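Asks: Any chance you could fold what I've pasted below:
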Amino acid sequence: MLKFYIGAREAALRLRDNQDGVVSFEYVIVAACIVGAVLLAFGTDTSTGIGKALKDGIDVVVKKMPT
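Replies: Coordinates of the predicted model:
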């Protein structure tokens, strides 16, 4: 356990001094914002908004397909 703690601590210290780590962290923040925007646009269910429109459209296509 101590070995993993020391490794993680050394990695965190290298990340603090490394500017590439800052850029990587910024990419993580941007990705989180994009995920949030997609969740807001599509929602987490199909009862309202774009999610409902997509579900209704898919239902129409599925009903017209031969079985």
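
Asks: Just give me how far the one helix or strand in the chain whose mean pLDDT sits lowest sits from the chain centre.
Replies: Here the helix or strand of the chain ranked lowest by mean pLDDT, DSSP states H and E is helix 2-17, holding a mean of 75. In terms of Cα atoms, centre = their mean, to the nearest Å, the centre of helix 2-17 is found 26 Å from the chain centre.

Asks: Export only the CA atoms of the following helix or strand past that helix, formatted as PDB.
Replies: Downstream of helix 2-17, the next assigned helix or strand under DSSP states H and E is helix 19-42. Presented in PDB, the C-alpha positions along helix 19-42 are these (Å, rounded to 0.1, in the frame of the first residue of the first chain):
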ATOM      1  CA  GLN A  19       3.100  22.100 -18.100                       C
ATOM      2  CA  ASP A  20       1.900  19.200 -20.200                       C
ATOM      3  CA  GLY A  21      -0.100  18.000 -17.300                       C
ATOM      4  CA  VAL A  22      -1.900  21.400 -17.100                       C
ATOM      5  CA  VAL A  23      -2.900  21.000 -20.800                       C
ATOM      6  CA  SER A  24      -4.200  17.500 -20.100                       C
ATOM      7  CA  PHE A  25      -6.200  18.700 -17.200                       C
ATOM      8  CA  GLU A  26      -7.700  21.400 -19.400                       C
ATOM      9  CA  TYR A  27      -8.800  18.800 -21.900                       C
ATOM     10  CA  VAL A  28     -10.500  16.900 -19.100                       C
ATOM     11  CA  ILE A  29     -12.400  20.000 -18.100                       C
ATOM     12  CA  VAL A  30     -13.400  20.700 -21.700                       C
ATOM     13  CA  ALA A  31     -14.600  17.100 -22.100                       C
ATOM     14  CA  ALA A  32     -16.600  17.300 -18.900                       C
ATOM     15  CA  CYS A  33     -18.300  20.500 -20.200                       C
ATOM     16  CA  ILE A  34     -19.100  18.800 -23.500                       C
ATOM     17  CA  VAL A  35     -20.700  15.800 -21.700                       C
ATOM     18  CA  GLY A  36     -22.700  18.200 -19.600                       C
ATOM     19  CA  ALA A  37     -23.900  20.100 -22.700                       C
ATOM     20  CA  VAL A  38     -25.000  16.900 -24.400                       C
ATOM     21  CA  LEU A  39     -26.800  15.800 -21.300                       C
ATOM     22  CA  LEU A  40     -28.600  19.100 -21.100                       C
ATOM     23  CA  ALA A  41     -29.600  19.000 -24.800                       C
ATOM     24  CA  PHE A  42     -30.700  15.400 -25.000                       C
END
